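Asks: predicted model follows, preceded by the sequence.
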Amino acid sequence: MKPKNLLYLPILIVVAIGMMNFTAAKKELIPAVSPPVLSGKITLSGAYALYPMAVKCGEQFKKLNPNVSSIYKVEEQEKE
């Protein structure tokens, strides 16, 4: 080998080692964690003005958690 060609050998080795370190890493598969299953009863009590909003929120919650029941109580306003 000529001395000029020997100069390229260390450069080639450094580049090859560098390329090995920067290759795409394998991603580990992380198992999906399912949310806990909720069950039981939710009781809401309050003013009539908030009743429609409480019912809508309860319907959406029931879609996500079918084992949960809900009870809505409307308090009468005192007339003076």
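Replies: Ah, there it is.

Asks: I'd like to know how far P66 sits from V37.
Replies: Counting by C-beta to C-beta, to the nearest Å, the gap between P66 and V37 amounts to 9 Å. Heads up, the C-betas are built off the backbone N, CA and C, glycines and all.

Asks: and if you look at L7?
Replies: From L7 across to V37, the span is 68 Å (C-beta to C-beta).

Asks: now swap in K62 and tell me
Replies: Remark: distance between K62 and V37 (C-beta to C-beta) = 14 Å.

Asks: so where do the strands sit in the protein?
Replies: 40-46, 68-74 (DSSP state E).

Asks: tell me the mean pLDDT over the first one?
Replies: Translated: strand 40-46. Here strand 40-46 scores 86 as its mean pLDDT.

Asks: pull out the buried residues from that strand.
Replies: Applying a neighbour-count criterion of 16 or more other C-beta atoms under 10 Å, one finds I42 buried in strand 40-46.

Asks: please name the residues that touch M53.
Replies: Contact analysis of M53 by C-beta atoms under 8 Å, 6 or more residues apart in numbering lists nothing.

Asks: who has more neighbours out of K62 and V37?
Replies: Using other C-beta atoms under 10 Å as the criterion, K62 and V37 rank with K62 on top: 14 against 9.

Asks: hang on, that one packs against S70?
Replies: Yes: the criterion here is C-beta atoms under 8 Å, and K62 meets it with S70 at 6.8 Å.

Asks: low-confidence ranges, the chain, go.
Replies: Within the chain, the stretches with pLDDT under 70 are 1-5, 19-27, 77-80.

Asks: need the helices for it, in chain order.
Replies: 3-21, 51-64 (DSSP state H).

Asks: quick one, which of these is packed in tightest?
Replies: Sort those by mean neighbour count, taking mean count of other C-beta atoms under 10 Å, and helix 51-64 sits at the top with a mean of 12.

Asks: between it and strand 40-46, what angle do the directions make?
Replies: If you take axes from the mean of the first three to the mean of the last three C-alpha atoms, to 10 degrees, helix 51-64 sits at 170 degrees to strand 40-46.

Asks: chain center to helix 51-64, what's the gap?
Replies: Its chain's C-alpha centre and that of helix 51-64 lie 22 Å apart, by C-alpha atoms, centre = their mean, to the nearest Å.
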